[in-house]
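In: My questions are about this predicted structure, shown below with the sequence.
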Amino acid sequence: MAKVTLTPDSGFARELMDAGGESLKKCYQCATCAVACPMAPANHPYPRKEMVWASWGLKDKITADPDIWLCHNCGNCAELCPRGANPADVMAAARNLMYRDLCKPAKIGKLMSKRSGLPILFAIPALLWLIVWAIRAACVGSWFPRTADGRIVFGQIFYGDYTIDPIFMLTFFGAIYILYKGCSKLWNMFKNNDGKLLVIGPTKPWYWHLGMLLWEEIGSHKKFDTCTTGPKTGQPENSRKIGHMCTVWAFICLMVVTAVVAGGHWVGKVFPCISIATPMPTLFPVKILANFGAILLLVGLFLLTIRRKRQNPKYFSSSYQDWYLLGLIWCIALTGCFSQFFRLIDAVHCAYFIYYLHLVFVWMLFAYLPWSKLGHLVYRTAALLYVRMYGRG
Ligand code: SF4
Ligand code: SF4
């Protein structure tokens, strides 16, 4: 018989409970949840084993377990648990600890894991963009400048070439690099986990699985149909799927707009015929796509927020990480819409100030992405890719 070495961490169960997995101690390991879960494959069920590992303080097992990233938080397991435990919350708590610990610098992970860290996280970009504002105001002679023909053009203060583009490029690629390091670490943890004994060997090439995954998880949100939520939330069956889809597609629209505008701007310096002047006219196609993305984002946020507010606390709970992400995206959407609104009605002070806040919030989204719940887009994709590559559906 193979020898298995277990390394309990006595403080880990307490950490999980503090991070949202309070119901951990109720579990008496009956395995009803593993049978009830519509997402768990028959050859590698969860979440019972995670409940066992968590109660025993087996940090190494939980943190190297791809299954903690696969839960869709449908609440079926909590509804059927005879002890009133909530395995989805325990796995969400494990993910919260991973957001905190996976990537370096660990200091940011610690700040991101608690409410008291928020003022510092906000103050960093607030100061950064205030310095940019002050320097540009000194250059143009006003904190709230207008063009010669009296228009409000944010680029006069937050000049694209020397401020927005380089700052966001550095931030974005820095976050991508940190995510890459985090994903590599996660992948190695999966590989070194004993769980690899339970898989049946590589199947198709990774790019085939990745393509299928991106379609199922992002393009169509097909998996949400397997994991319905209606009866327990009091919300329409598909409210979570629609909310998620609207939000994800809104981000895709806004990313396309950003790429087209930035590409038009920089490539346009060489080929002036494709350059795009900002602010764009309201009926310009790229502007229409931007406004469509903004409306989609507001609809998605509204649906997700209503659902989260109304969900039954017996089966679902919301952690600080859940509200941080939702709140931050609301701030981005509202400041984006209102900065445009104030610009159009010519309220110069409000327009510049709200746009400044918009830059602060967008920077927070990108810069802290590896330590936030948004990182699960990447970590979950890595986990799904791993389990599919080794023969699990
Ligand atoms: S969480 Fe509930 S259903 Fe799952 S093993 Fe524990 S007691 Fe059983
Ligand atoms: S919440 Fe749903 S998807 Fe997650 S473990 Fe429970 S039954 Fe499975």
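Out: Thanks, I have it. Ligands and ions are numbered 1, 2, ... in the order given.
In: hmm, which helix or strand of the chain has the shakiest average pLDDT?
Out: Least confident helix or strand of the chain, by mean pLDDT, DSSP states H and E, is helix 230-233 with a mean of 50.
In: C-terminal to that one, what's the next element?
Out: Downstream of helix 230-233, the next assigned helix or strand under DSSP states H and E is helix 239-267.
In: Check what contacts whichever helix or strand residue 331 is part of and list those residues.
Out: Take DSSP H and E as the rule and residue 331 turns out to sit in helix 320-344. When contacts are defined by CB atoms under 8 Å, 6 or more residues apart in numbering, helix 320-344 is touched by residues 96, 99, 112-115, 118, 152, 154, 247, 279, 294, 297-298, 301, 304-305, 308, 348, 350-351, 354-355, 357-358, 361-362, 364-365, 372-374. (Glycine included, C-beta is placed from N, CA and C.)
In: list the buried ones in that helix?
Out: 320-322, 324-326, 328-340, 342-343 (16 or more other CB atoms under 10 Å).
In: same check, this time on stretch 78-97
Out: Quick answer for stretch 78-97 (16+ other CB under 10 Å): 78, 81, 85-97.
In: which of these come close to ligand 2?
Out: 87, 88 (CB under 6 Å from any ligand atom).
In: pretty sure residue 274 is touching residue 268, no?
Out: Yes: contact criterion CB atoms under 8 Å: residue 274 and residue 268 qualify, at 5.3 Å.
In: Please say which of the two ends up with more neighbours.
Out: residue 268 (15 against 12; other CB atoms under 10 Å).
In: Quick check: the closest residue to residue 275 other than its chain neighbours vs ligand 1, distance?
Out: Nearest residue to residue 275 in three dimensions, chain neighbours excluded: residue 268, at 2.5 Å (CB to CB, 6 or more residues apart in numbering). Per CB to the nearest ligand atom, to the nearest Å, residue 268 is found 58 Å from ligand 1.
In: now do residue 165
Out: 50 Å.
In: List the contacts of that residue.
Out: 262, 265, 266.
In: now with 10 Å?
Out: 159, 262, 265, 266 (CB atoms under 10 Å, 6 or more residues apart in numbering).
In: Pull out the buried residues from the residues you listed.
Out: For those, buried by 16+ other CB under 10 Å: 159, 262, 265.
In: of all those residues, which comes closest to residue 29?
Out: Comparing the buried ones among the contacts of residue 165 against residue 29 with CB to CB places residue 262 closest, at 53.3 Å.
In: Spatially, which residue comes closest to the closest one, not counting chain neighbours?
Out: Among residues not flanking residue 262 along the chain, residue 165 sits closest, at 6.6 Å (CB to CB, 6+ apart).
In: State the helix or strand in which that neighbour lies.
Out: helix 165-192.
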